[in-house]
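S.K.: when you get a sec, could you give me coordinates for this:
(chains A and B)
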Amino acid sequence: MKLATFNINGIKARIDALPAWLGASSPDVVCLQEIKSVDEAFPREVLEAMGYRVETHGQKGFNGVAILSKLPLSDIRRGLPGDDTDEQARWIEAVVEGPRPVRICGLYLPNGNPAPGPKYDYKLGWMARMKARVQDLLAGEEAFVCLGDYNVIPQSQDAARPETWLVDALYLPASREAYRQIVNLGLTDAVRTRQPGPGVYTFWDYQAGAWERNNGIRIDHLLLSPQAADRLEDAGVDKSVRGGDKPSDHVPVWVNLAA
DNA sequence: ATGGTCGGTCTCCGA
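M.R.: Down below sits the predicted model:
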């Protein structure tokens, strides 16, 4: 089973590039971030025509997440638990049905800039809520994968120029500590396991020729529960998508799980 | 040495 995450930075702007990648890569399940669309305006028909079920959790203008799946979904949940006043659409969850089901949590973690400030406080609060959700899921001992745009550079090797990120919310010590606290509950970073060295990036800014200079960062991650990690076969980054027509600033990241 | 790019609209803000 091939699972992928892709921050598309606007579904309207990616209406050609997304189907092109789906056709070339044939993932079974994809979690999308930054659809920047309300549910009613999401162009589900073109994706359904490719064999995907479509579940969205959108909002106007910003944020928004979705699941595309060739396999049946159950227990679909929208929104990260822990704060009923949080109106930002950043979390969608479902169980992918099959002989060996796997729960997927698609997430768009807050950027948090500028830091310090209220946006950074929201980021850290959101990460604490995510940690609590992961703790609950771990207690269930099921296979699950938390995949999406984490907006966290875990280590210096995950940035081409780490020195330029020192005061950024994506790399501040408190951001990386909160991320480690989630991973250290017992999750496996699928891409790190398969490609342990430096130089693996998932985002290149549109500005300043970042792509041409390979000035990238790794912020899109797939974290596997122990039961999902048992089934890890392969993982990787579809870097070439960044060089295509009208690219997102992120590229797809994927994992293959047995059965 | 500096500034630079997108996307969705809220003709500015978020990233």
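
S.K.: what about the strands in chain A?
M.R.: A:2-7, A:29-33, A:53-57, A:65-69, A:73-78, A:91-96, A:102-108, A:144-149, A:188-189, A:203-204, A:216-217, A:220-224, A:232-237, A:253-257 (DSSP state E).

S.K.: those strands into TSV, with extra columns for mean neighbour count?
M.R.: The way it works is simple: take the backbone N, C-alpha and C, and place the C-beta from them, glycine included. TSV is the format used below for the strands of chain A (neighbours: other C-beta atoms under 10 Å):
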stretch	mean neighbour count
strand A:2-7	26
strand A:29-33	28
strand A:53-57	20
strand A:65-69	25
strand A:73-78	14
strand A:91-96	24
strand A:102-108	25
strand A:144-149	28
strand A:188-189	18
strand A:203-204	23
strand A:216-217	24
strand A:220-224	26
strand A:232-237	17
strand A:253-257	24
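
S.K.: what's the local residue count around the closest residue to DNA strand B within the stretch 101-250 of chain A?
M.R.: At 2.3 Å from DNA strand B, A:Ala208 is the closest residue in the stretch 101-250 of chain A, using C-beta to the nearest atom of the strand. Counted with other C-beta atoms under 10 Å, the neighbours of A:Ala208 add up to 9.

S.K.: separation between it and A:His250?
M.R.: 17 Å (C-beta to C-beta, to the nearest Å).

S.K.: kindly report the same for A:Asn256.
M.R.: 20 Å.

S.K.: pull the contacting residues for whichever residue of the stretch 51-200 of chain A sits closest to DNA strand B.
M.R.: Relative to DNA strand B, the nearest point of the stretch 51-200 of chain A is A:Gly61 (2.6 Å; C-beta to the nearest atom of the strand). A:Gly61 is in contact with A:Lys36, counting by C-beta atoms under 8 Å, 6 or more residues apart in numbering.
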